Each structure stands twice: as C-alpha cells, then as structure tokens.
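Q: Let me see the structure of the following:
(one chain, ligands or ions: 1)
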Amino acid sequence: VEAPAGGTAGPIGPDRTVAVVGTGTMGQGIAQVALVAGHPVRLYDSAPGRAEEAVAALTARLDRLVEKGRLDATARTAAVGRLHAARELAELADAALVVEAIVELLPVKQQLFTDLEKVVGDDTVLATNTSSLSVTAIAGGLRLPGRFVGLHFFNPAPLLPLVEVVSGFATEQDVATRAYETMRGWGKTPVRCADTPGFIVNRVARPFYAEALRVFEEGAADPATIDAALRECGGFRMGPFELTDLIGQDVNEAVTRSVWESFYQDPKFTPSLAQRRLVESGRLGRKTGQGWFSYAEGAERPEP
Ligand code: NAI
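A: Have a look, this model is predicted:
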C-alpha cells in the first residue's frame, strides 16, 4: 500500500478518547476496532437507549472473542472498562477523534458536525464513514473544515482490513496523515484517496453490479447462473446477486443512484429498473429473508 502523500503527523495515541456517533452496524464495528486498539471509547446515538444497547452488544462480542481464544480475559475486562455510552453530545468533549456512522443523509450529517464542533476542541479530528456522500459537502458548513476527513470502513469493520482515508477539498494534509497513521495503528490497511463519488471500491464495483443486472434483464441468464459463473469460474468470492443480497438491495441501489447523480447522470452508472422493483417490493436481501434469493429459516443455501 502506498506511502501517505505528504504530512508528518503521527497517529492518535491509544490513551486518547475516540468517540463513535451512530451505533448501528458500522458504528459498533468501528468502536470494537478502536477499543481493541486500546482507546477509551465513547458511544453516542440519537435513538434513546441505542448506545447502551451497543455497549451490551460489544461486551458480548468481546466475550465471544475470549471464548474463541482470540482475546485474553484480562484484555477483555480492560476493554469493557474503557467503553462508555454517552447520553449527550457534550460528553464527547475530550475526544481526539470522532467517527460518525449515522444515517446516510447529507443534511443530517451536516447538522451533527455543526453541533459537534461546538462541543469538541479545535484539534479534534472529525471523520465520516459515509459510503456515498461527498466528504467535502459534509464538511461544507464547518468552522474548521481542515480537520475533517473521510474514514470509510467496510462491513464487517472488525474483519475487513481496508479503510479508505478520504481527503475532502479542505482536508489538511496533516489531518489525513494522522488519520492514515491511526488506521495503521488499529491494524487496518488504509489507502488514501481524494473525494470523488464512491471513492475507490464502491466506484470500481459499480460496473460489476450493473453489468450483472443488465445480463439478467436481457434474459441471458438467471441470477443463480450468473453468480455461479463468477464465483466458481471467475474467481470472485461471491456473485453479484448473492453479494447485493448480503449488502442489502436498498443500500446497494442507493449507492448506485448516488454515484449516478454525482456524475450528472452519466449513463455508465444508470441504476437498474429490476433492482428498483425488488427494493419497492421489500425484497431487500438477507435482512428481510428474501432478495434475489430466499433465505428461509434454517436453509443451508439460498433458494432462487
Ligand atoms: P445503521 O442504520 O445500522 O446505524 C445508524 C445509527 O445512527 C442508528 O443507530 C441511528 O439511530 C443513528 N443515528 C441516526 N441519526 C443520528 C443522529 N443525527 N445522531 C446520532 N445518531 C444517529 O447504519 P449503518 O449501516 O451502520 O451505516 C452508517 C453509516 O455508515 C452510513 O453513512 C453508511 O453509508 C455507512 N456505511 C455503511 C456500510 C454498510 O455496509 N452498512 C459500509 C460502509 C459505510
């Protein structure tokens, strides 16, 4: 992985507090990584009780790691002692890094960071885990947009090593370098990139999904056949249909739409009508028990 482009800043030390705002799928995963790296971690979520639930879920995850022999019991006890739920944003005041993983809506993210900036110190690094919004736009209304950076983790965050460290228009070089070095300290494999729609991975993956959907729409083959061809002969771990069932058809379609709109509706990125209908019918993938395939309770393999 390439060396960071300029900047001399070191990582944020493990003695410094990391705050995670939004404690759903991604927030919990990111919090786990920061916790295991040694930081005190504070969790905040606007839904009442959600941060406390996340503390309980994370504690249970650490217990499972101990059972599997991947974490020793002393480290687990110390980690749980460093983890706290916050009831108000004001409790994040001493964080050296805040990672946001809330709902993927630009005005909601902008408002959160405006509120956060009133609470944290001027040298706190503010980061977003957005997968499809512009880092530059999220930072647009900040007093100090130079300390704002994208930290795009992949799901599940504790397992997947890649983190895209995204520099927005105003991001200071030292801030991106500090974020990059911090991710290395967390055992991740960071890559630096500029703020373009979909960054690297979500952008390059668009044609993979789009062409598979077109092949299906043209009646060339069914989803199971296309998946099998790519998985068994094409060297992909999962075919595009089973993979989007795992991601969530709604999430995948929203990213495609966002990239398409960001490129002024370039036909190259046109979303698929077949996928739109699937989303409209509520067949969102594994999470609803049905997407391109059916995930009946107890079924060993998905049924088309
Ligand atoms: P999620 O729906 O599981 O969790 C979002 C959490 O944010 C919820 O607990 C919600 O109560 C909370 N929240 C909403 N508005 C808030 C606010 N104003 N202040 C504080 N908390 C608020 O969502 P998920 O999947 O964890 O995604 C979060 C972010 O991560 C999004 O920006 C998404 O694009 C990005 N992302 C998601 C990936 C995925 O595979 N799910 C992968 C990489 C990035």
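Q: Show me what the mean pLDDT comes to for stretch 221-240.
A: The average pLDDT within stretch 221-240 is 95.
Q: interface residues of the stretch 101-250 of the chain facing the ligand?
A: 101-104, 108, 112, 129-131, 153-155 (Cβ under 6 Å from any ligand atom). To be clear about C-beta, it is placed using only N, CA and C from the backbone, and glycine gets the same treatment.
Q: Could you dump the residues you listed into a markdown table and include secondary structure, neighbour count and pLDDT?
A: Shown next, in a markdown table, are those (DSSP: H, G, I helix; E, B strand; the rest coil; neighbours: other Cβ atoms under 10 Å; pLDDT from 0 to 100):
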| residue | secondary structure | neighbour count | pLDDT |
| --- | --- | --- | --- |
| 101 | coil | 25 | 97 |
| 102 | coil | 20 | 97 |
| 103 | coil | 10 | 93 |
| 104 | coil | 17 | 90 |
| 108 | helix | 12 | 97 |
| 112 | helix | 22 | 98 |
| 129 | coil | 25 | 98 |
| 130 | coil | 23 | 96 |
| 131 | coil | 21 | 92 |
| 153 | strand | 23 | 98 |
| 154 | coil | 18 | 95 |
| 155 | coil | 15 | 89 |
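Q: tell me which of those is nearest to residue 50?
A: Using Cβ to Cβ, residue 102 comes nearest to residue 50 of those, at 10.8 Å.
Q: which residues touch the residue of the stretch 151-300 of the chain found nearest the ligand?
A: Residue nearest to the ligand within the stretch 151-300 of the chain: residue 155 (3.4 Å; Cβ to the nearest ligand atom). For residue 155, the contact set (Cβ atoms under 8 Å, 6 or more residues apart in numbering) comprises 25-26, 29, 247.
Q: Can you report phi and psi for residue 151?
A: Backbone torsions for residue 151, taken as degrees, to the nearest 10, come to phi -120, psi 90.
Q: can you tell me how far residue 86 sits from the ligand?
A: To the ligand, residue 86 is 10 Å away according to Cβ to the nearest ligand atom, to the nearest Å.
Q: Could you identify the pair within the contacts of residue 155 that is furthest apart?
A: 29 and 247 (14.5 Å).
Q: model confidence over stretch 158-177, on average?
A: When pLDDT is averaged over stretch 158-177, the result is 97.
Q: Also stretch 36-45?
A: 97.
Q: chain center to that stretch, what's the gap?
A: For stretch 36-45, the separation from the chain centroid amounts to 16 Å (computed by Cα atoms, centre = their mean, to the nearest Å).
Q: Over to stretch 43-62?
A: 17 Å.
Q: Stretch 118-134 too?
A: 14 Å.
Q: in this structure, which spans are helices?
A: Assigned by DSSP state H, the chain shows helices spanning 25-36, 50-67, 73-81, 106-117, 135-138, 173-185, 201-217, 223-228, 240-247, 249-262, 273-280.
Q: Among those, single out whichever gets nearest to residue 91.
A: Nearest to residue 91, of all these, is helix 50-67, at 10.0 Å by Cβ to Cβ.
Q: can you pull the buried residues of that closest one?
A: Residues of helix 50-67 classed as buried by neighbour count (16 or more other Cβ atoms under 10 Å): 50-51, 54-55, 58, 61-62, 65.
Q: do stretch 285-294 as well
A: Residues 285-287, 290-293 are the ones in stretch 285-294 that count as buried (16+ other Cβ under 10 Å).
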